[in-house]
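[1] sequence below, structure please.
(chains A, B, C and D)
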2 protein chains.
Amino acid sequence: MPTYKEIRNVLLDRIKSGEWRPGNLLPPEAELAEEFGSTRVTVNRAMQSLADDGFVERRRKAGTRVVQRTERDALIRIRIVRDEIEQSGRRYNYLLISRGRERPPQRIQAELGASGDLEALHIVCLHFADGRPFQLENRWINLDVVPQAGSESFETISPNEWLLQKVPYSNAEHTFRAATADSEEKEHLDLGPNEPVFVIERTTWLDGRTVTHVMLSHPADDFRIVTRD
Amino acid sequence: MPTYKEIRNVLLDRIKSGEWRPGNLLPPEAELAEEFGSTRVTVNRAMQSLADDGFVERRRKAGTRVVQRTERDALIRIRIVRDEIEQSGRRYNYLLISRGRERPPQRIQAELGASGDLEALHIVCLHFADGRPFQLENRWINLDVVPQAGSESFETISPNEWLLQKVPYSNAEHTFRAATADSEEKEHLDLGPNEPVFVIERTTWLDGRTVTHVMLSHPADDFRIVTRD
DNA sequence: AATCTTATTATGAATATACATAATAATTCA
DNA sequence: TGAATTATTATGTATATTCATAATAAGATT
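    Model prediction:
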């Protein structure tokens, strides 16, 4: 392991063990460099990476101090649904339900950051795990940003995977919520009355322009999100 | 902005714009250094940070190439419930419902990584927003790891905030799911029959020892999680 | 004592340099 | 021709050095 990572680990251990409590000032770089038999530059690298990860706060001359945390960050890895299903050892199936150019409803129009009377591509499709409905996808694609979508049938490739190929590095915002299934969800997800769904909503944009908005509904008894690290 | 961040941004723009597609090889450091009128070390810093963030993959001699993404990472910031409520402009209230030493049920015992017949502190409490139940907290604390909890009444401070003060840098794993409210949730969260809840489960550990396990239930119509950045 | 100025100090950042290491390419030899 | 060896190359890491910058402390001035 590189020296700066080793130093980083030692420092982090001292923070986690409570030797350096939130608010405490850490020794200056030069002092730590001497202690570890290294140089200031290397200690600087170690402390910078701690600062990048939010464990300490650094200000010139004022020194480095342990951050007082009142919140915690959790990381979620969102896989494309095919992988999610296959990695759980189940068989994946895809079904296109509908596809067409439409004027989106007000709420979606707003999400798409639309100017006036935009026409968008509206796709509804289903993803199955071992033959059972797993995810209902209700998607709007902004044809101003991704015109090629207009000539794609989406009968064999899901819009999710298609978009990932065309627009690989867009940004996204996700919302997670619970709800009682509406009639469309009940029908396609094969749910009884009053059954809950877990809903993910995602808006995706590139260069400030909204690419797509999607609502992904899952039967609650077969879906959960787990954070990593 | 520091040089290496400027270079990083330019490189990232080229990736996002599609100039460098997934799988493509980036020019070597020396070449980019010349292009930007900088040095190899500085370009190295920029490319390292792109690799840290998962945009590129680097191997000695083999070069740096754009990663083919099939998954995306989303970051969630989990605030303590008091802050969450107050930052939405609402009044926060806290109510302790029960507190006692108990032998945890099998499922919790497993979560706590318990050895045999462990006794844990079991706390049930409620968090209100503007007088309406917002979160039902059902918590088990491992007294082997945090013995001080045994002498804290938790009548005025919630276990969440108390633990954050005592064990500031623990690790955690979260699970998010939707469910129909059970009888306890219905009673305390003031829900009608068949109403859904959004449940967060969190296990927290320090040095491989489980500190606490908690189940946080919310009325679905008043709770959602939104990712950042 | 209050305010302004100056010096000091810790971190921020860039560069030149040196050597390590892993992957690939080129070469040699059986 | 195929396998083994060697050279080349791109990245990985550490260090010394230099200068910048911001926050604080110390001192001078009114």
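
[2] just give me the neighbour total for the nearest residue to A:Q68 once chain neighbours are set aside.
    Closest residue to A:Q68 apart from its sequence neighbours, by C-beta to C-beta, 6 or more residues apart in numbering or on different chains: A:P22 at 4.0 Å. For glycine as for every other residue, the C-beta is placed from the backbone atoms N, C-alpha and C. By other C-beta atoms under 10 Å in any protein chain shown, 18 other residues sit near A:P22.

[3] how about A:P22, secondary structure?
    coil (DSSP: H, G, I helix; E, B strand; the rest coil).

[4] immediately after the helix or strand of chain A with the lowest mean pLDDT, which helix or strand?
    Using mean pLDDT, DSSP states H and E, helix A:106-111 stands out as the lowest-scoring helix or strand of chain A, at a mean of 87. Using DSSP states H and E, the helix or strand that follows helix A:106-111 in sequence is strand A:120-129.

[5] report the strands that pair with whichever helix or strand comes after that following strand, each with its relative direction.
    Moving toward the C-terminus from strand A:120-129, the next helix or strand (DSSP H and E) is strand A:132-142. Sheet pairing of strand A:132-142 (DSSP bridges) gives strand A:120-129 (antiparallel), strand A:209-219 (antiparallel).

[6] re earlier: and the pLDDT at the residue nearest to A:Q68?
    pLDDT, A:P22: 92.

[7] for it, list the residues it contacts.
    By C-beta atoms under 8 Å, 6 or more residues apart in numbering or on different chains, A:P22 lies in contact with A:V66, A:V67, A:Q68, A:R69, B:P168.

[8] A:L126 now?
    A:L126 neighbours (C-beta under 8 Å, 6+ apart): A:Y94, A:L95, A:I97, A:P133, A:Q135, A:L136, A:E137, A:H188.

[9] correct me if wrong: A:P133 contacts A:E185.
    No. The pair A:P133 and A:E185 does not pass the contact test of C-beta atoms under 8 Å, sitting 9.5 Å apart.

[10] all strands for chain A, in order.
    For chain A, strands defined by DSSP state E occupy the ranges A:56-59, A:63-66, A:71-79, A:92-102, A:120-129, A:132-142, A:171-180, A:196-206, A:209-219, A:225-226.

[11] need the ones you listed in a markdown table (columns: distance to B:E102 and mean pLDDT).
    Below are these laid out as a markdown table (distance: least, C-beta to C-beta, whole Å; pLDDT from 0 to 100):
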| stretch | distance to B:E102 | mean pLDDT |
| --- | --- | --- |
| strand A:56-59 | 39 | 91 |
| strand A:63-66 | 35 | 92 |
| strand A:71-79 | 27 | 91 |
| strand A:92-102 | 43 | 97 |
| strand A:120-129 | 38 | 97 |
| strand A:132-142 | 38 | 97 |
| strand A:171-180 | 29 | 96 |
| strand A:196-206 | 29 | 96 |
| strand A:209-219 | 33 | 96 |
| strand A:225-226 | 27 | 97 |
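
[12] with respect to DNA strand C, which of the ones you listed lies nearest?
    strand A:56-59 (3.5 Å; C-beta to the nearest atom of the strand).

[13] domains for chain A, by residue range?
    A:3-66, A:81-222 (automatic domain parsing).

[14] out of those domains, which is the most enclosed?
    Ranked by mean neighbour count, the domains of chain A are led by domain A:81-222 with a mean of 17 (mean count of other C-beta atoms under 10 Å in any protein chain shown).

[15] now do that domain: distance to the chain's middle.
    How far domain A:81-222 lies from its chain's middle: 15 Å, per C-alpha atoms, centre = their mean, to the nearest Å.

[16] report all helices and strands that whichever helix in chain A runs longest contacts.
    When chain A is parsed with DSSP state H, its longest helix is helix A:3-17. Applying 3 or more C-beta pairs under 8 Å, 6 or more residues apart in numbering or on different chains; DSSP states H and E, one finds that helix A:3-17 contacts helix A:29-36, helix A:40-52.

[17] nearest to B:Q109, of those helices?
    Checking the helices and strands packed on helix A:3-17 against B:Q109 by C-beta to C-beta gives helix A:40-52 as the closest, at 35.3 Å.

[18] returning to what we had before: reformat the helices and strands packed on helix A:3-17 as CSV; add mean pLDDT.
    As requested, the helices and strands packed on helix A:3-17 are exported to CSV (pLDDT from 0 to 100):
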stretch, mean pLDDT
helix A:29-36, 92
helix A:40-52, 91
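
[19] looking at the ones you listed, which is closest to DNA strand C?
    Nearest to DNA strand C among the helices and strands packed on helix A:3-17 is helix A:29-36; the distance by C-beta to the nearest atom of the strand comes to 3.4 Å.
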